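Asks: sequence and computational prediction follow.
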Amino acid sequence: MKRIDEELSQRNQRQRDDLHWNLVETMIIACVSIYDERVEQAIKGIEKLRPSVDKYVVVADESVTDVQKLKLRILGCAVHVYPFEDNLMLLHNQCLDKCQDGDWGIIHDPDEFFNDQF
């Protein structure tokens, strides 16, 4: 009986260790797709959500200026620029490409905001 208890205890410890490892490896990544007219709107949402995530990715089209990209980078965002293709779903998929398996992704539009309790 003692041996069974020891084995159960060891197995439980391994499961806790595995859970801890998985939590350490998992990142929460927020991503927003933007174009020139929406940058200032997106910045408001980024400022609110940025402290709650591990990484913030901005997928922008070519209409975003260098000054706007700099503002986004100052906020701690990784900025990736793609040619404009008039396809919002494609931009969202490009956001997902920046995540790895096991990451939690928060993909949002520039006009979506998060409440203070997030």
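Replies: Here it is on my side, so go on.

Asks: can we go C-alpha only for contacts and neighbour counts from here?
Replies: Fine.

Asks: if I pick Val81, what's in contact with it?
Replies: Val59, Ala60, Asp61, Glu62 (Cα atoms under 8 Å, 6 or more residues apart in numbering).

Asks: next secondary structure after the helix or strand bottoming out on mean pLDDT in the chain?
Replies: Counting by mean pLDDT, DSSP states H and E, the chain has its least confident helix or strand at helix 2-25, which shows a mean of 56. Where DSSP states H and E defines the elements, the next helix or strand beyond helix 2-25 is strand 28-34.

Asks: what pLDDT, on average, does that next one get?
Replies: The pLDDT scores in strand 28-34 average 84.

Asks: in that strand, what counts as buried?
Replies: Under the neighbour-count criterion of 16 or more other Cα atoms under 10 Å, strand 28-34 has Ile28, Ile29, Ala30, Cys31, Val32, Ser33, Ile34 buried.

Asks: now those in a markdown table, with distance to Asp54?
Replies: Converted to a markdown table, the buried residues of strand 28-34 look like this (distance: Cα to Cα, whole Å):
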| residue | distance to Asp54 |
| --- | --- |
| Ile28 | 5 |
| Ile29 | 6 |
| Ala30 | 8 |
| Cys31 | 11 |
| Val32 | 14 |
| Ser33 | 18 |
| Ile34 | 20 |
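
Asks: check those and tell me the two furthest apart.
Replies: The distance between the two most remote of the buried residues of strand 28-34 (Cα to Cα) is 19.7 Å, for Ile28 and Ile34.

Asks: which residue is the nearest non-sequential neighbour of Glu62?
Replies: Distances taken as Cα to Cα, 6 or more residues apart in numbering put Pro83 closest to Glu62, at 5.6 Å, once the chain neighbours are dropped.

Asks: Pro83: how many residues sit nearby?
Replies: Pro83 is surrounded by 10 other residues when neighbours are defined as other Cα atoms under 10 Å.

Asks: pLDDT at it, what is it?
Replies: The model's pLDDT for Pro83 equals 84.

Asks: phi first, then psi, for it.
Replies: For Pro83, the backbone dihedrals (degrees, to the nearest 10) come out as phi -60, psi 150.
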